[in-house]
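> Okay, here's the prediction I keep looking at, along with the sequence it came from:
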Amino acid sequence: MSFTAEVKDELSRVDGHCPECAVAELSALMRVCGTLSFRGSGRYSIRIATETGAVARTVIKYAHKLLDLDTQLTVRRSVLHKTRNYLIEIPEQERLYDDLVRLGILVPGRGLASGVPHGLLQRRCCKEAFVRGAFLAGGFIADPRGDFHLEIAVTGEEFANDLVELLESLGVEARLNHRRGSYAIYLKSFDGIERLLGAMGAQRSERALQNVRKIKSVKNDVQRRVNAEIANQARSTGAALNQRLLVEQVDQAIGMRRLPTALQEFCELRRRYPDISLAALGERCQPPASKSAMYHRLLRLRELLQQAQNSSTNSSSDG
């Protein structure tokens, strides 16, 4: 089961906090994935198509228990995509017009509503229920083990903009993208997706998201430390190679026997251990020397080499 299916299955089992929450949720479900047909004065029917069993189950539950509407369900299996398609038909019936007005889908004297039915959303819980219905009908959420991405696909610019504002009233900042006649309301931040899941009532999915983020954080921290260690090793190896070249130059220009004892020890150890760090080299001294002490020996070697090279240059000029 995909993560989207898991979230929708959980949401289909969430109950609202007040009687009007169910009205708001069913309104969003019908508005986002339903098709309204009109055949004369007051004669309406609705077709709701979905590939999600949780959506079909929720629509039928509310249509029966909340509105006492007759429904017809057809289930077909797609051979190509190996999925089930659910078609819910609500045929013409006496009370359907009044119910569509109650759901905010029809406006008396004006026809089909173009925006979000704000009259149904006076309480926060009803706003959350409406968003829950919209996500059930047209939502997608990526597996959080990959990218953080959630979107709700809807039709109608006014409805899409109203839904973005509704999310903002719940503390969720979303963006809107127009694509091929429809609109995608999307979130890409962990915090926004977490808040939205919590607002819709998907606590189990919210916890799953949090756990994935913790795992990602640990993996990223480990990867940063590994990268830093690799970089340190690379720098250390490069520095050790430069020190090895310096030792050979000093030997040729000055001679090991003419160096102070501490510097002779440094050169001998660097030749013996050409790859280890300066700190590790100091641990092999007798007695052990600190990294700072080894660094000062390195600086002294460079200074002596520079003096020897300058003296050689001056001698050549005098000659």
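Yep, it's here.
> Tell me where this protein is predicted with low confidence.
79-81, 229-234, 236-237, 315-319 (pLDDT under 70).
> Tell me which residue is most central in this protein.
The structure's the chain has its C-alpha centroid closest to residue 148; by C-alpha atoms, centre = their mean the separation is 2.0 Å.
> Kindly confirm my reading that that residue forms part of a strand.
No: counting by DSSP: H, G, I helix; E, B strand; the rest coil, residue 148 is located in no strand; its state is coil.
> The helix or strand where residue 48 lies: which residues count as buried?
For residue 48, the host element (DSSP states H and E) is strand 44-50. Neighbour counts over strand 44-50 (16 or more other C-beta atoms under 10 Å) mark 44, 46, 47, 48, 50 as buried. No exception for glycine: its C-beta is placed from N, CA and C like everyone else's.
> would you list every one of the helices in the stretch 151-300 of the chain?
Taking DSSP state H, counting those that start in this stretch as the criterion, the stretch 151-300 of the chain contains helices spanning 157-169, 190-200, 203-253, 261-272, 278-283, 291-318.
> mind putting these in TSV, distance to residue 35 and mean neighbour count included?
Output for the helices of the stretch 151-300 of the chain, formatted as TSV (distance: least, C-beta to C-beta, whole Å; neighbours: other C-beta atoms under 10 Å):
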stretch	distance to residue 35	mean neighbour count
helix 157-169	15	17
helix 190-200	24	20
helix 203-253	29	13
helix 261-272	80	16
helix 278-283	73	18
helix 291-318	75	13
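> Quick one: the strands in the stretch 51-200 of the chain, in order.
Taking DSSP state E, counting those that start in this stretch, the strands of the stretch 51-200 of the chain run over residues 72-78, 83-90, 106-107, 111-112, 139-141, 150-154, 175-179, 182-187.
> Minimum distance to residue 116: which of the helices of the stretch 151-300 of the chain has it?
helix 157-169 (3.7 Å; C-beta to C-beta).
> what's the closest one in contact with?
With contacts defined as C-beta atoms under 8 Å, 6 or more residues apart in numbering, helix 157-169 is touched by 31, 114-116, 118, 121, 127, 130-131, 134, 152, 154, 173-176, 178, 183, 185, 196.
> Mark which of those residues are buried, thanks.
31, 116, 121, 127, 130-131, 134, 152, 154, 174, 183, 185, 196.
> contacting residues around the residue nearest to the centre of the chain?
Taking C-beta under 8 Å, 6+ apart as the test, what residue 148 contacts is 142, 187, 188, 189, 190, 193.
> Residue 95 too?
67, 68, 69.
> and the first one, how many neighbours?
Other residues within reach of residue 67, judged by other C-beta atoms under 10 Å, total 20.
> cool, the last one as well?
Close neighbours of residue 69, defined as other C-beta under 10 Å, add up to 17.
> Can you tell me the closest non-neighbouring residue to it?
residue 63 (4.5 Å; C-beta to C-beta, 6 or more residues apart in numbering).
> One more: residue 240?
residue 275 (5.5 Å).
> What number of residues are in the vicinity of residue 141?
25.
> do the same with residue 149
Neighbour tally, residue 149, other C-beta under 10 Å: 15.
> quick one, what contacts the residue lying closest to it once chain neighbours are set aside?
Sequence neighbours aside, residue 142 is the residue nearest to residue 149 in space, at 4.2 Å (criterion: C-beta to C-beta, 6+ apart). By C-beta under 8 Å, 6+ apart, residue 142 lies in contact with 3, 148, 149, 150.
> from what I can see the third one touches residue 186, true?
Yes: the pair residue 149 / residue 186 is scored as a contact, 6.9 Å apart, by C-beta atoms under 8 Å.
> on that earlier part again, could you identify the most distant pair in the contacts of residue 148?
142 and 189 (12.8 Å).
> For the nearest residue to residue 117 once chain neighbours are set aside, give its distance to residue 115.
Nearest residue to residue 117 in three dimensions, chain neighbours excluded: residue 104, at 2.4 Å (C-beta to C-beta, 6+ apart). As judged by C-beta to C-beta, to the nearest Å, residue 104 and residue 115 stand 9 Å apart.
> cool, residue 166 as well?
Residue 166 is 10 Å from residue 115, by C-beta to C-beta.
> now swap in residue 169 and tell me
14 Å.
> Redo the strands of the stretch 51-200 of the chain as JSON lines? Include distance to residue 36.
Formatted as JSON lines, the strands of the stretch 51-200 of the chain follow (distance: least, C-beta to C-beta, whole Å):
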{"stretch": "strand 72-78", "distance to residue 36": "16"}
{"stretch": "strand 83-90", "distance to residue 36": "10"}
{"stretch": "strand 106-107", "distance to residue 36": "8"}
{"stretch": "strand 111-112", "distance to residue 36": "7"}
{"stretch": "strand 139-141", "distance to residue 36": "21"}
{"stretch": "strand 150-154", "distance to residue 36": "15"}
{"stretch": "strand 175-179", "distance to residue 36": "23"}
{"stretch": "strand 182-187", "distance to residue 36": "17"}
